[in-house]
Every structure is written in structure tokens, then in C-alpha cells.
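Student: Any chance you could fold what I've pasted below:
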Amino acid sequence: MKSSINRQWRLASRPVGDIKVSDFEYREEPIPTAKDGEILIRNIYLSLDPTHRIWMSDRPQYMPPVEIGEVMRGLVLGIVEESKNPNFQRGDLVSGLLGWQDYALITTGNLPYITKIPQPLTVPLTAFMAVLSFIGCTAYFGLLDIGKPQPGETLVVSAASGAVGSLVGQIGKIKGCRVVGITSSDEKCRYLLEELGFDAAINYKTADLSPALAASCPNGIDIYFENVGGEILDAVLTQVNLNARISLCGLISTYNAEKPVPGPYNFSQILMKRVLIKGFIVTDYVSQWDLAFREMGQWIQQGKLKYQQEIVQGLENAPTAILKLFNSEKMGKLIVQISEQP
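Tutor: Presented below is the predicted three-dimensional model:
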């Protein structure tokens, strides 16, 4: 028998330092009913991403912060359970910022932000949480539009075993680059080398990073895909070539900082080597996402692009699962399964 309860996690407090389970509040609400123009979606998969830490803060950011008491924001794949809108039918698979909850009621004003998943599926549904989602587009446009890789160049990727970094490195290989990944364990290094075809991998927790980069990048660094910041960025700046490009995707090492974060100590290298650094948000490219999905879909079918996912079962486990993003416990894309896939 179908439950009448809509379980939710709401933001209870803004994190100070690391995210804590107590920053979320569990709530039960009645499942809403769709009215004219609306659709009711049953959520299936919830994406957990470092940007959640930004959304939970009240610092200036690319979207309005989640307000205290609001359902926690999150990208979700779901299925339309009830539709009072002619553009959607019961059984449509959709994605959008549907939140940490069992069901989401989408009103007319929010419908343009709901994306239909093409059916029949030619890849597993969870691929639309990883490579065929904003994750894949982040890797695709951040590398190709900003990094502009050329055959024979050296690409370095931080957080290289993560959802975005692992795709960046593989796309770099497709484009003919020497690819060096920086990650947090020997197991992850083996994954990058043996499964994804990286040319070199560095465990930053055990290696002396600057000499390790020099050894892995004998011709210097032409492109750096930045996910981390801090000491890793400083080490990379000592090895950059003339006219190097840095695609600034994330700064996860600073998201939980409680005090002002110092700038790079090797900042002068940006001037001396005429380095281009450009920050970006994947929504900058939303009008071109279909192009990225088509090309990456072909790479998947050709066996050129692989992705790894860790799926945590149960919405009730979301507040503990998100901690994996910041303690180096996960590899690949982190997902919470909320309900059964059709």
C-alpha cells in the first residue's frame, strides 16, 4: 500500500566548519496533490555534490542560498506520478532540483526547469546522475571551452577520482593529452591508471607534491583542471608552462574553512607565465548541454568514457552520506536511492 507521507530533510542550521548531521531536520508532510498545470514527481535518485556545502551557507554564490527551514536543495531523477499539465504524462522520467524528499510538486512557474529523460533508455538511468547530467557537462565544457586541450599537451586534474575529475581526465585522453591525476589514496591512483587510462597518478597525502608533479609532468603543465585549491594549486603553479590554462571548477579544500583562506603563495607565476584562469558554473553552458550529451553518449557507447558511482540506499541516510564528499571516502559519483526505479 502506497504511503501517504512525504519524508523530507530540511536545512536546520548553517554549517560552521564541516557539515554535521544536526544541520538537517527530518520532517514528514502529507504527499501533495497536483492541481491544474502542476505535476507530482516521485523522487528516485538524489545527487550529492560538493556544491551542497555552498548552498547551505549564506555567502555570495551563483544561486540563492537554501533558507533555514526549506527543503534541502538537490538534483533529483524522478518519475511523474500525477500530471495536470499537457506537457507531461504519468510515467515520464524527469530531472530537476526537486530536493531531499520523497515527492516534489512542481508548479507552473517551475516547469521550465524540469528536464525530460529520453525514453527508451539507451544507458542505465543512473548515467543521468553522472556523465549525462550537469556533472558530465561540467567536465566537458570546463576542459574543452576553457582548457582548450591540444594533442601532446599535459593536463593535470585535482580530485581526479571524483565524479567530475574522472571524466575530465578521460576526455583529455580522448583529445590526445598526457593526463596526470591527483587524488587521495593508492587505491584511487590504481583506479585512475588501470581503469581510466591516466598516464600518471599522485597520492597527495603521501607524496611530496611539487617533486611528484615535476616527475609526472616532465614537459610542464599546460592545462590544470582545478577542483580543490589550497596547497595543490600552489604546487601546480610551480610547474605551469607559458600560456597555461586553469579551469576553475571548484575549491573543495576551502568550503569548510572557518577563517579567511590565504591566496596562492605562488600567485606571481600567473603573471610570469601569462596563465589564463577562468572560473565557471556549468549553467553558463546550459544552451549547449545537448551537444555535450550527444558527444559523451557516443563516447560511452564506444567504450571511451567510463564512470563509477556509489549508491547509498535510503533517503534517511542522506545526511550521513553527504559527509563522504569531504572525507575522501567515496570514489566517483555519490548518489542516494530514494525509491525503486521503474
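Student: Need the nearest residue in space to the residue nearest the centre of the chain, chain neighbours excluded.
Tutor: For the chain, the residue nearest the mean C-alpha position is residue 135 (4.6 Å; C-alpha atoms, centre = their mean). Leaving out its chain neighbours, the residue that sits closest to residue 135 by C-beta to C-beta, 6 or more residues apart in numbering is residue 163, at 4.9 Å. The C-beta positions use only the backbone N, C-alpha and C, and glycine is treated the same way.
Student: Please name the residues that touch the one you found.
Tutor: Taking C-beta atoms under 8 Å, 6 or more residues apart in numbering, we find residue 163 in contact with 49, 130, 135, 307, 332-334.
Student: repeat that for 6 Å
Tutor: Contact analysis of residue 163 by C-beta atoms under 6 Å, 6 or more residues apart in numbering lists 135, 332-333.
Student: same question, residue 156
Tutor: 180, 221, 224.
Student: Looking at stretch 38-49 now, give me its mean pLDDT.
Tutor: Mean per-residue pLDDT for stretch 38-49: 96.
Student: for stretch 113-132, same thing?
Tutor: On average, stretch 113-132 scores 89.
Student: picking up where we left off before, I'd like the distance between the residue nearest to the centre of the chain and residue 127.
Tutor: According to C-beta to C-beta, to the nearest Å, residue 135 and residue 127 sit 10 Å apart.
Student: tell me the helices in this structure, going along the chain?
Tutor: Along the chain, counting by DSSP state H, helices occupy 51-56, 134-141, 163-174, 186-190, 209-216, 231-237, 268-272, 289-301, 318-321.
Student: out of these, nearest to residue 243?
Tutor: Between residue 243 and those, the tightest spacing by C-beta to C-beta is seen for helix 268-272, at 11.4 Å.
Student: in that closest one, what's buried?
Tutor: If you call a residue buried by 16 or more other C-beta atoms under 10 Å, then helix 268-272 has these buried ones: 269-270.
Student: For it, enumerate the helices and strands it packs against.
Tutor: Helices and strands touching helix 268-272, by 3 or more C-beta pairs under 6 Å, 6 or more residues apart in numbering; DSSP states H and E: there are none.
Student: Distance from that helix to the middle of the chain?
Tutor: The chain centroid and the centroid of helix 268-272 are separated by 29 Å under C-alpha atoms, centre = their mean, to the nearest Å.
Student: So what's the residue count around the closest residue to residue 235 other than its chain neighbours?
Tutor: Closest residue to residue 235 apart from its sequence neighbours, by C-beta to C-beta, 6+ apart: residue 209 at 4.2 Å. By other C-beta atoms under 10 Å, 20 other residues sit near residue 209.
Student: thinking again about what came up before, quick check: the residue nearest to residue 135 vs residue 301, distance?
Tutor: Residue 163 is 20 Å from residue 301, by C-beta to C-beta.
Student: which residues of the stretch 51-200 of the chain fall in strands?
Tutor: 75-83, 93-97, 103-106, 115-116, 154-158, 178-183, 200-203 (DSSP state E, counting those that start in this stretch).
Student: and the ones you listed, which one is worst for confidence?
Tutor: Here the lowest mean pLDDT among these goes to strand 115-116, at a mean of 90.
Student: Remind me what that strand packs against, helices and strands.
Tutor: On a contact count with 3+ C-beta pairs under 6 Å, 6+ apart, strand 115-116 meets no helix or strand.
Student: how does it look with 10 Å?
Tutor: Packing partners of strand 115-116 (3 or more C-beta pairs under 10 Å, 6 or more residues apart in numbering; DSSP states H and E): strand 93-97.
Student: Tell me which other helices or strands the strand it packs on touches.
Tutor: With contacts taken as 3+ C-beta pairs under 10 Å, 6+ apart, strand 93-97 sits against strand 39-48, strand 75-83, strand 103-106, strand 115-116.
Student: Which other helices and strands does the third one contact?
Tutor: The helices and strands touching strand 103-106, judged by 3+ C-beta pairs under 10 Å, 6+ apart, are strand 5-11, strand 39-48, strand 75-83, strand 93-97.
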